[in-house]
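> Only the shape, not the letters, is given here:
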């Protein structure tokens, strides 16, 4: 009946890449197992059961921070944070904690870039140097299309070489082309 939202998780060290698929799968299984009430079970009891199950998962996977939520018919009906957003400063992880979603955001950036191209607000052949995105573009003829296609390193356009850091410069291009922050764009 509801949709499950998972924010985070936050890990310490290189453990992150090997654990993320297991954590997401486990949280989805926990969500599915606790989504349906047992006979006569109240909604608060389901959420208590869910909270306990996620807490057990959290403890078992060496996570630092995680948030989960339940949306039922477009309404957030339950949200809870687990662990810390910042262990050193003892800042708790809450449902409002902002997290980097890393490479998951690349398709969003690519879609936004192409929408701006379709709207005539941006050209894939615009030099990256036209935007305030860093010194690396001042002396190199790197175009938006090169960054978008991961062909900006070495001779621009010649060969594919993945670079998440360079790709992230497209968020600045989007912000400058729209006049809005990347976060505001997704708030709509």
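Done, it's in. None of these values were measured; they are calculated from a predicted model.
> Quick one: low-confidence residue ranges for the protein.
The model of the chain has pLDDT under 70 over residues 1-41, 43, 58-61, 100-104, 186-188.
> Now do the helices for it: every range, in order, please.
Ranges of helices in the chain, per DSSP state H, are 15-35, 43-60, 106-118, 144-148, 164-167, 169-178, 182-186.
> Cross-check the contact I'm expecting between residue 132 and residue 176.
Yes: here residue 132 reaches residue 176: they are 6.8 Å apart, a contact under CB atoms under 8 Å. The way it works is simple: take the backbone N, C-alpha and C, and place the C-beta from them, glycine included.
> Mind checking which of these two has more residues around it?
Ranked by neighbour count (other CB atoms under 10 Å), residue 132 and residue 176 place residue 176 first, with 14 against 10.
> Next one: the closest residue to the more buried one other than its chain neighbours from residue 64, what distance?
The spatially closest residue to residue 176, leaving aside those adjacent along the chain, is residue 131, at 5.2 Å (CB to CB, 6 or more residues apart in numbering). Residue 131 is 35 Å from residue 64, where distance means CB to CB, to the nearest Å.
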